[in-house]
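Trainee: Could you work out the structure for the sequence below:
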Amino acid sequence: MHHLQHIADLAPVLERMGARQVIIAPGSRNAPLIQLFTSNNSFSCFSIVDERSAGYVALGMARQTGEPVVVVTTSGTAVLNLSPAVAEAFHQGIALVVLTADRPRETVVQFDNQVIDQYAPFYNHSKGFFEFPAQQRTREELQSKFLAVEKLLAEALKGPKGPVHINLPLLEPLYVPLPEAILPPNKMQISSVSPEAYPQPKAIFKDRKVLILAGMASASGELSGILEDLMANGQVVVVAENISQLKSNNFVSLPELLLAGADDEEFNMLLPDLVVSFGKQVVSKRLKLFVNSLEKAEKVLIPDDVSLPHFLRALGGDLVKKEENRFAKNWLTIEERERLNALPYLESAPFSNLAAVYKVLERVPGGAMVHLGNSSTIRYSQLCPLRSDLQYYSNRGTSGIDGSLSAAVGAAMLSEELHLLILGDLSFVYDSNALWNRDFPENLKLIVLNDGGGGIFRLLEGPDQMDFFEEFSVTHHPVSLELLSQSFGRNFHRVDGLDELDEQLNSLFSEGNALSVLEVDTSSAENSRIFKELFR
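Mentor: Sure thing, here's the model as predicted:
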């Protein structure tokens, strides 16, 4: 049997899985995989040199389309560079198929290059791992291995979705034509969780004050309707931050402002008997502290691998409206008051990160996909009024600084809509290899808040009291964002005031405008004071 037969038979299996996009990091050991995908019209291939960026580009693509995306690397540390993106995909519930080339196990490390132990390096942050033998000797052996591969790929798609890893030790020669696929097609079985795993939940909403907490998730019109029905018939309130993708005037979307503004008496009016949560992470620190302080309230976490609409309906049971939903009214009344209190300050705040984010989110055209960097950027965004005509995304699975730019690039590459990324200068510099992309999407616009590095630590209570703060927490950098952008061929402009920002936003959002990176230089602004003043 041809020594690369198992490579040839991968393509049909991945096609049946629904994978269409392939991110390829260049190399030599992975040459057979590159040949496989680039010679097959069923796959669209993209070359991304930096593996760390490549993983996040694939994540952005998979999040944008809802389909699995394949990532291909050569052997050695190239594999380990995917770790941050794989971990983020695991915590976001995004299906990635990682294919890594390897040298045969019998390779003597002393005599060869790019050899590390590639056995299950993502063990704790993936849904499974499979390694092919270096050579399949019979058709039966090949078929048995592919049964395991199909089971693994089905696991990637079964809720909650997640990344899987296939390691491929390859014998030389590598640069030879691949054989034809020989295995008959099997129908991939994606089994759902058996009903016994999660019995029908009991109806527990009746006669209780219920706080429903929606974490980071994909948009769902059906889910919004069910949540509004529960609110209409019971003492139920829904708290849904911008990255939950749940938008309704009946949902609380500004919990940080609300909880900061509630006095002691009002705080008691917000206390639930039951907390039901679903989805992934939430951002608001005050909200997390509030929920963690509820010692008397029952807490129910809805599993990721159940039908969320069905589960919520069952928990609600036969709720019938008996009285006004005073519990939700308490939450929404305080939120509206705090929103109106904050609005004049947001509109008149001095030039700063906070004022810039407010201005940008006010001006971005409807229908845009807004990507938010971690650290201070997403926190600023959640103090601004939620817009129902925008979609909000962020890498809050692990909340790392790495990959915000690459993920936005990947999403925009497979979309015709306007994509806007707002991120800090450290995030931009750290992930700047995302600009190293011959298919860089012109529909992606970048706004970089340059506050001189590490601005998030100035917003937190405590770090600035430490002796090491300026040197080791703030992390100043000498990088010219203009020269860095231009080195990758990106059109750049810098602003250092609100009037100029307003003018440049017109250019940035104009159709066909080549401006792609807009630096908002707030390094001389009192960002920390202006942010904290909002809460006073």
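
Trainee: residue contacts, the closest residue to Gln21 other than its chain neighbours?
Mentor: The spatial neighbour of Gln21 that comes closest, neighbours along the chain excluded (C-beta to C-beta, 6 or more residues apart in numbering), is Val69 at 4.8 Å. C-beta here means a position set from N, CA and C on the backbone, and glycine is covered the same way. Shown in contact with Val69 (C-beta atoms under 8 Å, 6 or more residues apart in numbering): 19, 21-23, 58-59, 61-62, 95-97, 410.

Trainee: Then Phe351?
Mentor: 496-498, 501, 522, 525.

Trainee: okay, now the domains of this protein?
Mentor: 5-169, 210-337, 349-534 (automatic domain parsing).

Trainee: closest one to Ile182 among those domains?
Mentor: Closest of the domains of the chain to Ile182 is domain 5-169, at 6.6 Å (criterion: C-beta to C-beta).

Trainee: And the average pLDDT for that closest one is what?
Mentor: Computed over domain 5-169, the mean pLDDT rounds to 94.

Trainee: just to revisit the earlier point, and the domains of the chain as TSV, adding distance to Asn186?
Mentor: Shown next, in TSV, are the domains of the chain (distance: least, C-beta to C-beta, whole Å):
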stretch	distance to Asn186
domain 5-169	6
domain 210-337	23
domain 349-534	28
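
Trainee: closest one to Gln200 among the ones you listed?
Mentor: Among those, domain 210-337 sits nearest to Gln200 (C-beta to C-beta), with 5.8 Å.

Trainee: now the closest one, how far from the centre of its chain.
Mentor: In terms of C-alpha atoms, centre = their mean, to the nearest Å, the gap separating the centre of domain 210-337 from the centre of its chain is 22 Å.

Trainee: That one: end-to-end distance?
Mentor: Terminal residues of domain 210-337 lie 22 Å apart, using C-alpha to C-alpha, to the nearest Å.

Trainee: Then stretch 401-421?
Mentor: From its first residue to its last, stretch 401-421 covers 14 Å (C-alpha to C-alpha).

Trainee: just for the stretch 251-400 of the chain, where's the confidence low?
Mentor: For the stretch 251-400 of the chain, applying pLDDT under 70 flags no range at all.

Trainee: want to try TSV for the contacts of Phe351, with distance to Gln135, neighbour count and pLDDT as columns?
Mentor: Below are the contacts of Phe351 laid out as TSV (distance: C-beta to C-beta, whole Å; neighbours: other C-beta atoms under 10 Å; pLDDT from 0 to 100):
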residue	distance to Gln135	neighbour count	pLDDT
Asp496	62	15	95
Gly497	65	15	96
Leu498	65	17	96
Leu501	61	21	97
Thr522	59	26	95
Ala525	62	23	90
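
Trainee: closest to Ile116 among the residues you listed?
Mentor: For the contacts of Phe351, the nearest to Ile116 is Thr522 (42.4 Å; C-beta to C-beta).

Trainee: residues touching the closest one, list them.
Mentor: Contact partners of Thr522, counting by C-beta under 8 Å, 6+ apart, are 351-353, 356, 449-451, 496.

Trainee: are any of these buried, and which?
Mentor: 351-353, 356, 449-451 (16 or more other C-beta atoms under 10 Å).

Trainee: Next step: the residues you listed restricted to strands.
Mentor: 449-450 (DSSP state E).

Trainee: Can you list phi and psi of the spatially most central residue of the chain for me?
Mentor: Note on the chain: the residue nearest the mean C-alpha position is Asn395, at 3.4 Å, using C-alpha atoms, centre = their mean. Backbone torsions of Asn395, given as degrees, to the nearest 10, read phi -90, psi 70.

Trainee: With Ala54 instead?
Mentor: When read as degrees, to the nearest 10, the backbone of Ala54 gives phi -60, psi -40.

Trainee: Offset the numbering so it begins at 562, please.
Mentor: Sure, I'll start counting at 562 from here, so that last one is Ala615.

Trainee: Can you get me a residue count around it?
Mentor: 29 (other C-beta atoms under 10 Å).

Trainee: In contact with the residue nearest to it when sequence neighbours are not counted, which residues?
Mentor: Once flanking residues are discounted, Ala615 sits nearest to Ile609: 3.8 Å by C-beta to C-beta, 6+ apart. Residues counted as contacts of Ile609 (C-beta under 8 Å, 6+ apart) are 584-586, 615, 618, 997-998.

Trainee: out of the residues you listed, what pair is the most spread apart?
Mentor: Longest distance between any two of the contacts of Ile609 is 13.9 Å, between Ile585 and Trp997; criterion C-beta to C-beta.

Trainee: Just want to know which of these two has more residues nearby.
Mentor: Ile585 (23 against 15).

Trainee: which stretches of the stretch 562-711 of the chain form strands?
Mentor: Under the criterion DSSP state E, counting those that start in this stretch, the stretch 562-711 of the chain carries strands at the ranges 582-585, 605-608, 630-634, 657-663, 690-692.

Trainee: what's the shortest one packed up against?
Mentor: By that I understand strand 690-692. Counting contacts by 3 or more C-beta pairs under 8 Å, 6 or more residues apart in numbering; DSSP states H and E, strand 690-692 packs against helix 700-718, strand 725-730.

Trainee: In the sheet, which strands lie alongside that strand, parallel or antiparallel?
Mentor: Looking at strand 690-692 with DSSP bridges, its partner strands are strand 725-730 (parallel).

Trainee: What separation is there between Pro629 and Phe604?
Mentor: According to C-beta to C-beta, to the nearest Å, Pro629 and Phe604 sit 12 Å apart.

Trainee: Residues in contact with both of these two, list them for me.
Mentor: Each of Ala580 lies in contact with both Pro629 and Phe604 under the rule C-beta under 8 Å, 6+ apart.

Trainee: buried sites along the longest helix anywhere in the chain?
Mentor: Longest helix in the chain by number of residues (criterion: DSSP state H): helix 887-909. For helix 887-909, burial by neighbour count (16+ other C-beta under 10 Å) applies to 888-889, 891-893, 895-896, 899-900, 903, 906-907.

Trainee: Would you confirm that Asn1074 contacts Gln1065?
Mentor: No - between Asn1074 and Gln1065 there is no contact under C-beta atoms under 8 Å: 10.1 Å.

Trainee: Quick one: the strands in the stretch 812-961 of the chain, in order.
Mentor: 835-839, 859-862, 930-933, 952-954.

Trainee: Quick one: closest of those to Gln1047.
Mentor: Closest approach to Gln1047 among those (C-beta to C-beta): strand 930-933, 22.2 Å.

Trainee: list the helices and strands that closest one packs on?
Mentor: Applying 3+ C-beta pairs under 8 Å, 6+ apart, we find strand 930-933 packed against helix 937-942, strand 952-954, helix 965-974, strand 980-985.

Trainee: what about 6 Å?
Mentor: If you count contacts as 3 or more C-beta pairs under 6 Å, 6 or more residues apart in numbering; DSSP states H and E, strand 930-933 packs onto strand 952-954, strand 980-985.

Trainee: Note down every partner strand of the first one and its orientation.
Mentor: Pairing partners of strand 952-954, with direction, according to DSSP bridges: strand 930-933 (parallel).

Trainee: Dump stretch 649-656 to CSV, restricted to CA.
Mentor: What follows is stretch 649-656, C-alpha atoms only, in CSV (Å, rounded to 0.1, in the frame of the first residue of the first chain):
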residue,chain,number,x,y,z
GLU,A,649,-9.6,29.5,23.0
ALA,A,650,-11.6,27.3,20.6
PHE,A,651,-12.2,24.7,23.3
HIS,A,652,-13.6,27.3,25.7
GLN,A,653,-15.7,29.0,23.0
GLY,A,654,-17.1,25.7,21.7
ILE,A,655,-15.7,26.1,18.1
ALA,A,656,-14.8,23.2,15.9
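
Trainee: Centre of the chain to it, how far?
Mentor: Counting by C-alpha atoms, centre = their mean, stretch 649-656 is centred 8 Å from the centre of its parent chain.

Trainee: Tell me who's in contact with Val771.
Mentor: 797, 835 (C-beta atoms under 6 Å, 6 or more residues apart in numbering).

Trainee: same thing but 8 Å
Mentor: 791, 795-798, 833-837, 888.
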